[in-house]
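Attaching a predicted model along with its sequence, questions to come.
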Amino acid sequence: MKAMSPPLLEVKNLETHFFTDDGISRAVDGISFSLSRGETLGMVGESGCGKSVSALSILRLIPEPPGRIVSGQILFDGKDLASLPERDMVKIRGNRISMIFQEPMTSLNPVYTIGDQIAEAFRIHRGYSGKKAREEALFMLNQVRIPDPEKRALQYPHELSGGMRQRVMIAMALACRPDILIADEPTTALDVTVQAQIMNLINELKSRYNAAILFISHNLGVISEISDWVMVMYAGMIVEYARSSDIFKRPLHPYTRGLLRALPRLEEGEKIKRLNAIKGSVPDPAHHPPGCRFHPRCPGAVPDCVANIPPLSGAMESHFVRCFRWKEDIFQTLERGAS
Ligand SMILES: Nc1ncnc2c1ncn2[C@@H]1O[C@H](COP(=O)(O)OP(=O)(O)O)[C@@H](O)[C@H]1O
Ligand SMILES: [Mg+2]
């Protein structure tokens, strides 16, 4: 969709569905985006909109069955990951594309010290000897600013705080100098101060390693702080895609506008004004509404929005929106009436 430097990763029309007793769940329904070196792309949307399924699809970690990538391409390094044999995929996963999750305890092994776990990544992917792998593990613990790394390396995951565990996850994810880091709600479980530290760390390491980052969060505030570009997801589709600053200056989709209005703001001195949550809920991906999937919650829906799915179209340079009515500049008025 945009290209500063040639993209490292290009996702084209990705569709990942789940085949359940309840019908076909169209969790990811035709998304396209690209990732470039040194850039962070933020993916934002409410719970259930398909963020994790998108991330897991790129790494080919979708449980199959019930899930399956039903169409689309994931182009990386001249290959299409969507159809790559598993034996080639293992060379990419955790090595050239790595991922950190919301809850590090699920990815860390409780019976090994953290030093050994990071060293293991170097042994597997780089073929380092035990001594060299241990030295590199200490180096990585330093890089993620874990104090007293020699001592920490000998500790087990349960001996560390949530923030420290997330740093260990980042150290492991970056150990092999991946081209791409996918961070799926990495700070959601952390308190605000630690959250800010982890985001700073990810930002700093992105520049140092010149990696591309796909940063996923349900929180537009978090996304805007860390991202160069933002894609807003709704019900398995991208509804808006723009530079982070443009999303804030001029949000075009009523859903994006809703997410912005739902952010807590400091007003009247230091008092936080209560947020305006978007009314209604995300549709069940097995039973999406016809037409624009946001129409049941949209203040500006007209019959056309019920009948047809709006295309994701270029509204301005590098700004795309999936809405028939963005041009009419109606949403501000409608929102005022609704609240
Ligand atoms: N293992 C699974 N089996 C069936 N459906 C799934 C599975 N994983 C995810 N889904 C479906 O995909 C939708 C999107 O999930 P997910 O990508 O995890 O959302 P989020 O945006 O919160 O990360 C869910 O609402 C669910 O219906
Ligand atoms: Mg998720």
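Looks like it came in fine. Ligands and ions are numbered 1, 2, ... in the order given.

give me every residue that touches residue 45.
51, 218, 232, 233, 234 (CB atoms under 8 Å, 6 or more residues apart in numbering). C-betas here are computed from N, CA, C, even on glycine.

Lowest-confidence entry in those residues?
Within these, residue 218 has the lowest pLDDT, namely 94.

thinking again about what came up before, ChimeraX command for the buried members of the contacts of residue 45?
Of these, the buried ones can be selected in ChimeraX as follows, counting by 16 or more other CB atoms under 10 Å:
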select :51,218,232,233,234
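
If we check ligand 1, which of the contacts of residue 45 are in contact?
Filtering the contacts of residue 45 for proximity to ligand 1 by CB under 6 Å from any ligand atom leaves residue 51.

Now do the residue sitting furthest away from the middle of the chain against ligand 1, distance only.
Largest separation from the mean C-alpha position in the chain: residue 131, at 35.0 Å (CA atoms, centre = their mean). As for residue 131, its distance to ligand 1 is 40 Å (criterion: CB to the nearest ligand atom, to the nearest Å).

In a helix, that residue, correct?
Yes - with DSSP: H, G, I helix; E, B strand; the rest coil as the criterion, residue 131 is located in a helix.

Distance check, it against residue 154.
According to CB to CB, to the nearest Å, residue 131 stands 16 Å off from residue 154.

Next: residue 227.
Separation of residue 227 from residue 154 (CB to CB): 36 Å.

ditto for residue 196
Noted for residue 196: a distance of 28 Å to residue 154, by CB to CB.

next one: residue 16
According to CB to CB, residue 16 and residue 154 sit 41 Å apart.

Give me the more crowded residue out of the two.
residue 16 (26 against 12; other CB atoms under 10 Å).

what's the spacing between the closest residue to residue 114 other than its chain neighbours and residue 227?
Setting aside the residues directly before and after it, residue 114 is nearest to residue 168 in space (CB to CB, 6 or more residues apart in numbering), at 4.9 Å. Taking CB to CB as the measure, residue 168 falls 24 Å from residue 227.

quick one: which of the two has more around it?
Remark: of residue 168 and residue 227, residue 168 carries more neighbours, 28 against 24, as counted by other CB under 10 Å.

Quick check, pLDDT for the closest residue to residue 58 other than its chain neighbours.
With CB to CB, 6+ apart as the criterion, residue 58 has its nearest non-adjacent residue at 5.7 Å, and that residue is residue 74. pLDDT for residue 74: 98.

How about residue 189?
Looking at residue 189, its pLDDT reads 85.

OK, contacts around it?
When contacts are taken as CB under 8 Å, 6+ apart, residue 189 is in contact with 102, 103, 162.

Buried among these? Make that a PyMOL selection.
In PyMOL, a selection of the buried entries from these looks like this (16+ other CB under 10 Å):
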select buried, resi 102+162
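
which among the contacts of residue 189 gets closest to residue 263?
Nearest to residue 263 among those: residue 102, at 20.1 Å, using CB to CB.

residues contacting that closest one?
Neighbour list for residue 102: 184, 185, 186, 188, 189 [criterion: CB under 8 Å, 6+ apart].
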